[in-house]
Structure formats: C-alpha cells, structure tokens
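Enquirer: have a look at this fold, sequence not included:
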C-alpha cells in the first residue's frame, strides 16, 4: 500500500489534549494554546482536554502518563519549554516517556524554522513520538512556531499518525 492509500485511511477526527508548558501563562494569555485548539477544531479534530503546566519535568511526565490512560485521548500536543534555558525541561520530560521517536519531526521542524528565523532554529528541541500507542508532539511555545508546526507538519499528518500507530 502506497503513501496515498495510507493517507486515505487517516483518522478524520482525532481526540487531542493540548498542554501549554509555561511558568507565566494563564488561560487568558495562552495565545499559543488557543491557536493550537483553534487549528485542530478547524480541521475536524476534538479537544478532549487542555491544561497549562509549570515547566516541572515530573509534572509534565505525570500529566502525560495520566492523560493517556484514558482511551479517549489519541494525541497530546505540548507547546513550550523546548528551548535550552535552565527552565526549559519539556524535552527531557517527554523524551523520557517516548517508546518510539519520530526523529524526522524535529529535523523537519528545525529546517522549516531555519527558513523563517535563520540559525536560531538550532536551539529548538521540538520532538514527536509514540508513548503507549498515543502520539506525543512537543513544539516551541511561540505563536509563529506553533503555526509553522501545526500547518506544515501536524495537521497534514495527525490522522495518518493515529491510523499508523493503531494498526
């Protein structure tokens, strides 16, 4: 079966959890989390849960692990905490859970980001993978990075990823 046939089998309505990792954002000020939710809904996906978490690795890990125990969440999209400052720990928290890594996601995100912002793209630790048959995606928290990741990578492949991980 070719790529086109696989894409035709993509799940149309994915149940998603959106997590914003930030020590300062609130529901009112979380423009990136709102953008992710809006884009998901516009593309037929379902927001099953939404949380704002402080950048504390154990909190991120525990929240993701608890969320995927319910059958209703198929994908978790996390924004924020993917840089290299001392407070950026999302990558370590998520990476410690992943059973399969989609290395191409981070590589392509950084390539696309490089085209927009230049060499600063090397500081992004965007990543994606599989944890207990759920898709976990971690992207930077800026609105421009969120839009780039959602429009160029996540939305075109989300349903396909869910179909693949469950077959």
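Expert: Thanks, I have it. Quick caveat: nothing in here was measured; it's all calculated off a predicted structure.

Enquirer: so who does residue 95 touch?
Expert: 101, 127 (CB atoms under 8 Å, 6 or more residues apart in numbering). Every C-beta, even on glycine, is put in place using the N, C-alpha and C of the backbone.

Enquirer: from residue 135, how far off is it?
Expert: 15 Å (CB to CB, to the nearest Å).

Enquirer: isn't residue 44 up against residue 12?
Expert: Yes. In this structure, residue 44 is within contact of residue 12 by CB atoms under 8 Å, at 5.8 Å.

Enquirer: where exactly do the helices run in this protein?
Expert: Under the criterion DSSP state H, the chain contains helices at 3-8, 31-42, 57-67, 90-95, 103-117, 143-149, 155-165.

Enquirer: quickly compare the ones you listed and say which is most buried.
Expert: Mean neighbours per residue, mean count of other CB atoms under 10 Å, is largest over the helices of the chain for helix 90-95, with a mean of 21.

Enquirer: give me the low-pLDDT residue ranges for the chain?
Expert: By pLDDT under 70, the weakly predicted segments of the chain are 1-6.

Enquirer: switch to 80 and redo it
Expert: Of all residues in the chain, those with pLDDT under 80 make up the ranges 1-8, 70-71.

Enquirer: on that earlier part again, export the helices of the chain to TSV and tack on distance to residue 83?
Expert: TSV is the format used below for these (distance: least, CB to CB, whole Å):
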stretch	distance to residue 83
helix 3-8	32
helix 31-42	14
helix 57-67	15
helix 90-95	9
helix 103-117	12
helix 143-149	10
helix 155-165	23
